[in-house]
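Student: pasting a predicted model and its sequence here:
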Amino acid sequence: STLTQLRTSHIGLNAHLYRTRTIDSPLCRSCGVPETVTHFIMSCRRYSSARNALRNAVRSNLRSLKQLLAVGSPHIAATLKFVRATKRLLH
């Protein structure tokens, strides 16, 4: 599932695709830093409006990825909604 992939970083973001030798660069096309799960959810400027919606949904500042993805987290649905809204991981 997408949630498991986010938790394990085995997901179609550039950092993982580079590790699996699928693409030539691990860098985010918008920011020039490795496109990890943390970067994608917490800081990528390309998804700032979707992230603002996520912040509003969880009613707090986004302090950590663990806060959003931990087992039993009340924020999982909002985080998955963020992922869908970005359209970055369309299959």
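Tutor: Perfect, thanks for sending it. Owing to the predicted nature of the structure, the values given are computational and were not obtained by experimental measurement.
Student: ok, and what's touching the lowest-mean-pLDDT helix or strand in the chain?
Tutor: Using mean pLDDT, DSSP states H and E, helix 65-69 stands out as the lowest-scoring helix or strand of the chain, at a mean of 93. With contacts defined as C-beta atoms under 8 Å, 6 or more residues apart in numbering, helix 65-69 is touched by 3, 6-7, 37-38, 41-42, 54, 58, 62, 73, 75-76, 78-79. (C-beta placed from N, C-alpha, C; glycine too.)
Student: and it, C-alpha only, in PDB?
Tutor: In PDB, the C-alpha atoms belonging to helix 65-69 read as follows (Å, rounded to 0.1, in the frame of the first residue of the first chain):
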ATOM      1  CA  LEU A  65       7.100  12.600   9.400                       C
ATOM      2  CA  LYS A  66       6.600  10.200  12.300                       C
ATOM      3  CA  GLN A  67       3.700  12.400  13.500                       C
ATOM      4  CA  LEU A  68       2.000  11.800  10.200                       C
ATOM      5  CA  LEU A  69       2.900   8.200   9.400                       C
END
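Student: quick one: buried residues of the very next helix or strand once past it?
Tutor: Counting by DSSP states H and E, the element after helix 65-69 in chain order, helix or strand, is helix 76-86. Of the residues in helix 76-86, Ala78, Thr79, Leu80, Phe82, Val83, Thr86 count as buried by neighbour count, 16 or more other C-beta atoms under 10 Å.
Student: now stretch 17-26
Tutor: So for stretch 17-26, counting by 16+ other C-beta under 10 Å, buried means Leu17, Tyr18, Pro26.
Student: closest to Ala50 among the residues you listed?
Tutor: Distance to Ala50, by C-beta to C-beta, is smallest for Leu17 among those, at 20.9 Å.
Student: enumerate every residue touching the closest residue in space to Asn14 that isn't next to it in sequence.
Tutor: Spatial nearest neighbour of Asn14, chain neighbours left out: Glu35 (3.7 Å); criterion: C-beta to C-beta, 6 or more residues apart in numbering. By C-beta under 8 Å, 6+ apart, Glu35 lies in contact with Leu13, Asn14, Ala15, Pro26, Leu27, Cys28, Arg29, Cys44.
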